[in-house]
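Q: dropping a prediction and its sequence here:
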Amino acid sequence: MKVYFDNAATTAIDAEVVDAMLPYLREHFGNPSSQYSIGRDTRAAIEEARKTIAQLINAQANEIIFTSCATEANNMAIKGAVNDLGVRRIITSPIEHHCVENTIEYCKDKLEIEVVFVDIDDKGNVDLSHLDSLLQASDKKTLVSLMHANNEIGTLLDVEKVGALCKQYQAFFHSDTVQSFAHLPIDVQKMNIDFLVASAHKFHGPKGIGFLYMRKQNKVHPILHGGGQERGYRAGTENVYGIVGMAFAAQKAYQHLEEDKQYILGIKNYFLEQLQTNFPGIEINGNTDDRSLFTVLNVSFPPNDKSALLLFMLDMEGVCCSGGSACSSGASVGSHVIHALKKDENRVSIRFSFSKYNTKEEVDFAIEKLRKVIGY
């Protein structure tokens, strides 16, 4: 038996999503930039997908830009805000995903942008009072870049309050919602988000496709130059079947949002109960209340002589999980998130992340294997 508890890294594609994509891999193969009917058919599918995604977040269809992934979308939003919207200062946190962290670091080093970090507590919660004071402290045009749900520990940001502060101080608000889109309700108007990013493979869609929501008045230049695709914002022939699959997966997820949430939360809570029963001394990294994403559980184990090989040993026993971000799954590298939370780095932190396809039987299997490899 092999169980998969690394859904924050990627999810299994839904069979119905594959079925929705297949016609665009077979019959509807036309280039959407072509003027004849075969091309117009694929263009129509793209625009219908754009409309679907826009409606899910209360946006306009012309505010959705399809990209190859969330990393590209985050780069486009952050660099565009600096290069085209006059941003000279970025407020962020020390626990953002690497694609945001490294892009901001590039803006600091190469574009001479001031970067300041908002305080967080030991659960990863943003100090909103400190954010308020940082926004007050400078007249420079500012971008606030904070993720909705942390990909390693699951801590949720109060995006409405952050959006309200950004509106109050006329700052731009960029949020990476890779872990929360299609898992939680999102309303870009209510949340006052200027740039929002998501990726299909986090919600049972295909890999290699994501999107950027960009508020229509925030015009930025493309980072890929070539043709005039995506209304000139992103050159390159569109990934038609990926776009169709992403929109279908998102629509299905939002149709079953509460049902899936309650089921997955049940799996997470059962896992946590079994961990606490079987492994005295474990600690939870991140929130344990409703300010925690229901798909993510990050726990640290007391150090022992097997700590360094724990992930490897679990893999050998058929349990797939991770010790860091999605981009580091399976790698024995230190987590910048755990480091920023000032946790005991002698303890081994493991992220278990769940989907609608997981079962309590899989939890029991994982607990059995954990007991074996740790030595209980």
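A: Yep, it's here.

Q: how does this protein divide into domains?
A: Domain assignment for the chain, taken from automatic domain parsing, gives 3-11+257-374, 15-255.

Q: ranking these by burial, who's on top?
A: The highest mean neighbour count among those, using mean count of other C-beta atoms under 10 Å, belongs to domain 15-255: a mean of 20. Where C-beta positions appear, they are placed from N, C-alpha and C, glycine not excepted.

Q: show me what contacts the closest residue to Ile186 other than its chain neighbours?
A: Of all residues not flanking Ile186 in the chain, Ile57 sits nearest, at 4.9 Å (C-beta to C-beta, 6 or more residues apart in numbering). By C-beta atoms under 8 Å, 6 or more residues apart in numbering, Ile57 lies in contact with 181, 186-188, 196, 213.

Q: quick one: what helix or strand has the closest residue to Ile282 other than its chain neighbours in it?
A: The shortest distance from Ile282 to any residue other than its chain neighbours is 5.1 Å, reached at Val299 (C-beta to C-beta, 6+ apart). Per DSSP states H and E, Val299 falls inside strand 296-301.

Q: what lies in contact with that strand?
A: Outside strand 296-301, the residues within contact range by C-beta under 8 Å, 6+ apart are 8, 149-154, 179, 268, 271-272, 275, 279, 281-286, 307, 310, 338, 343-344, 347-354, 374.

Q: least reliable of the domains of the chain by average pLDDT, please.
A: Lowest mean pLDDT within the domains of the chain: domain 3-11+257-374, at a mean of 91.

Q: so how far is it off the chain centroid?
A: 17 Å (C-alpha atoms, centre = their mean, to the nearest Å).

Q: please begin residue numbering at 45 from this point
A: Let's use 45 as the start, then, which means that last one is domain 47-55+301-418.

Q: okay, how far is it across it, tip to tip?
A: In terms of C-alpha to C-alpha, to the nearest Å, the two terminal residues of domain 47-55+301-418 are separated by 18 Å.

Q: with just CA atoms, put the strand holding Val343 into CSV.
A: The C-alpha coordinates for strand 340-345 follow below in CSV (Å, rounded to 0.1, in the frame of the first residue of the first chain):
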residue,chain,number,x,y,z
VAL,A,340,-2.6,21.2,5.8
LEU,A,341,-1.2,19.8,9.1
ASN,A,342,2.4,20.5,10.0
VAL,A,343,3.8,18.7,13.1
SER,A,344,7.2,18.4,14.7
PHE,A,345,8.6,15.3,16.4
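
Q: all the strands of the stretch 295-420 of the chain, in order from the start?
A: With strands called from DSSP state E, counting those that start in this stretch, the stretch 295-420 of the chain shows them at 327-329, 340-345, 363-364, 392-397.

Q: let me see the residues that make contact with stretch 70-88.
A: Residues outside stretch 70-88 that contact it (C-beta under 8 Å, 6+ apart): 68, 89-90, 271, 273, 281-282, 284.

Q: repeat that with 10 Å
A: Identification of contacts with stretch 70-88 by C-beta atoms under 10 Å, 6 or more residues apart in numbering yields 66-68, 89-91, 271-273, 281-282, 284-285, 287-288.

Q: got the end-to-end distance for it?
A: The first-to-last residue distance of stretch 70-88 comes to 16 Å (C-alpha to C-alpha).

Q: just stretch 233-250 next, same as before
A: 27 Å.

Q: roughly how far is it from the heart of the chain?
A: With C-alpha atoms, centre = their mean, you get 8 Å for stretch 233-250.

Q: give me the element Cys149 is part of.
A: Quick fix: residue 149 is Glu, not Cys. helix 142-155.

Q: next secondary structure after that helix?
A: Once helix 142-155 ends, the next helix or strand along the chain (criterion: DSSP H and E) is strand 158-161.

Q: alpha carbons of that following strand, as CSV, please.
A: Extracted in CSV, the C-alpha atoms of strand 158-161 (Å, rounded to 0.1, in the frame of the first residue of the first chain):
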residue,chain,number,x,y,z
GLU,A,158,12.9,49.0,-0.4
VAL,A,159,11.7,45.8,1.3
VAL,A,160,10.3,45.6,4.8
PHE,A,161,9.0,42.6,6.7
